[in-house]
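> predicted structure and sequence below. I'll ask about it afterward.
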Amino acid sequence: MLKKISEPLWNAYRGWDVPSRVRRLGGWLERRRQDDSGGGYDHSETVNEYYDLCNEFMQFGWNESLHFAPLRPDESLAQSIVRHQRLMIEKLQLREDMRVIDVGCGVGGPMRSVARETGCKVLCLNNNEQQLETARKRNSEQGLDHLAEYMRCNFMDMSAIEADSFDAAYAIESTCHAPDKQGAFEQIYRVLKPGALFWGQEMCMTDKYDPANARDREVKDELMLGIALDGIATYSEVNRMLEAAGFDIVEAVDRGIADESGTPWYRPMEGLEGTLQSRFRGTPLGRKAMIAGLRVGEACRFVPKGSTAVVQLMNRTADAYVAGGKSGIFSPLYCFLVRKPM
């Protein structure tokens, strides 16, 4: 297990003081709270730190498409993710002659699905250099580089992109990191052509979330801390900010609960049941085995020092995902389709 991830970790961490960076990431929420006066805290730095540290483990334990999907018991996790991406492609009505922007492209998993399925030209926009380089490399390896453009850019400031220049856009679990969600939606609105569609997938607190409930607040704080979310909006808040940005809402639904015959979205992190081929390394037992192996690997200098601490932080976040999902107060599958008016 460690052999597969050893080289990518050494390449990703590039001689960093990983334990120090993990401690810094683990304290970001407190730093932000202490900086309410509007001083030097920059949330984009926290998000970059999060992906720099967790990126390789996220791909190893989940999928190169770093997002959740509605699950079905007769599918593997990978199959459910592909089905979900195909739904997005269908809703956006993507065609070969279209130019599309992937806002926060991760390592390019969804982009490669879009390119293979439609032949669209996709701008891969990401503020994380490490992820953008991985996307570029994998697109080239899979013969899709000719359908990709690349831009390192913070989606809170897309002024380098010409207005009214894209036929469609999607943002899958990316604008949830925005310190100003309405501002992010306004940036996307500006670069879309009149009449263009935009698909988003947001992490949200559901209507069951009770801010007066101490346990609910604790789960929310754990999620914010572990996923580097500056805040977690409710469904209605997302809708309000989309409309304030100028969009017309075509549809908006929590696809984690829309199909009652499905499997809970958090099941792969909870145990082996629920999907046909759940990945052992993503389960609680698998994560414990990974932590034990990493401790040995660090002692033998097979993996960088601090790797164990990264997975421990991610394990804590996985527990918060499950707690939020089981209680019904959190969902990573609030999916919306909106249109820029003509």
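Sure thing, it's come through. Numbering: from 1, shown residues only.

> residues in contact with Met158?
Leu125, Gln187, Ile188, Arg190, Val191 (CB atoms under 8 Å, 6 or more residues apart in numbering). The way it works is simple: take the backbone N, C-alpha and C, and place the C-beta from them, glycine included.

> which of the residues you listed sit farthest apart?
Leu125 and Arg190 (13.3 Å; CB to CB).

> test my guess that Ile5 contacts Phe60.
Yes - applying CB atoms under 8 Å, one finds Ile5 in contact with Phe60, separated by 5.2 Å.

> neighbour-wise, which of the two wins?
Set Ile5 next to Phe60 and count neighbours by other CB atoms under 10 Å: Ile5 wins out with 22 against 19.

> just the pLDDT for that one.
Per-residue confidence (pLDDT) for Ile5: 83.

> now Leu285
Note on Leu285: pLDDT of 66.

> what do you get for Gly226?
The score at Gly226 is 93. That number is its pLDDT.

> A helix includes it, no?
Yes - when DSSP: H, G, I helix; E, B strand; the rest coil is applied, Gly226 is found to be in a helix.

> that one contacts Arg316, correct?
Yes - counting by CB under 8 Å, Gly226 touches Arg316, with 6.0 Å between them.

> name the residue in those two with the higher neighbour count.
Gly226 (22 against 13).

> that one and Glu162, how far apart?
Distance, Gly226 to Glu162, by CB to CB, to the nearest Å: 37 Å.

> which residue ranges of the chain form strands?
For the chain, the strands defined by DSSP state E occupy 99-103, 121-126, 148-152, 166-172, 192-205, 248-254, 330-339.

> how many residues are close by Val191?
Val191: 23 surrounding residues under other CB under 10 Å.

> how close does it sit to Gly262?
Distance from Val191 to Gly262, by CB to CB: 34 Å.

> contact partners for Met58?
Contact analysis of Met58 by CB under 8 Å, 6+ apart lists Leu66, Met314.

> can you redo the strands of the chain as JSON lines with distance to Ser113?
Formatted as JSON lines, the strands of the chain follow (distance: least, CB to CB, whole Å):
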{"stretch": "strand 99-103", "distance to Ser113": "10"}
{"stretch": "strand 121-126", "distance to Ser113": "10"}
{"stretch": "strand 148-152", "distance to Ser113": "13"}
{"stretch": "strand 166-172", "distance to Ser113": "11"}
{"stretch": "strand 192-205", "distance to Ser113": "13"}
{"stretch": "strand 248-254", "distance to Ser113": "21"}
{"stretch": "strand 330-339", "distance to Ser113": "16"}
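
> and these as a markdown table, adding distance to Asn239, mean pLDDT and mean neighbour count?
A markdown table is the format used below for the strands of the chain (distance: least, CB to CB, whole Å; pLDDT from 0 to 100; neighbours: other CB atoms under 10 Å):
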| stretch | distance to Asn239 | mean pLDDT | mean neighbour count |
| --- | --- | --- | --- |
| strand 99-103 | 18 | 98 | 23 |
| strand 121-126 | 24 | 97 | 24 |
| strand 148-152 | 28 | 96 | 16 |
| strand 166-172 | 15 | 98 | 24 |
| strand 192-205 | 10 | 98 | 21 |
| strand 248-254 | 6 | 97 | 14 |
| strand 330-339 | 7 | 97 | 22 |
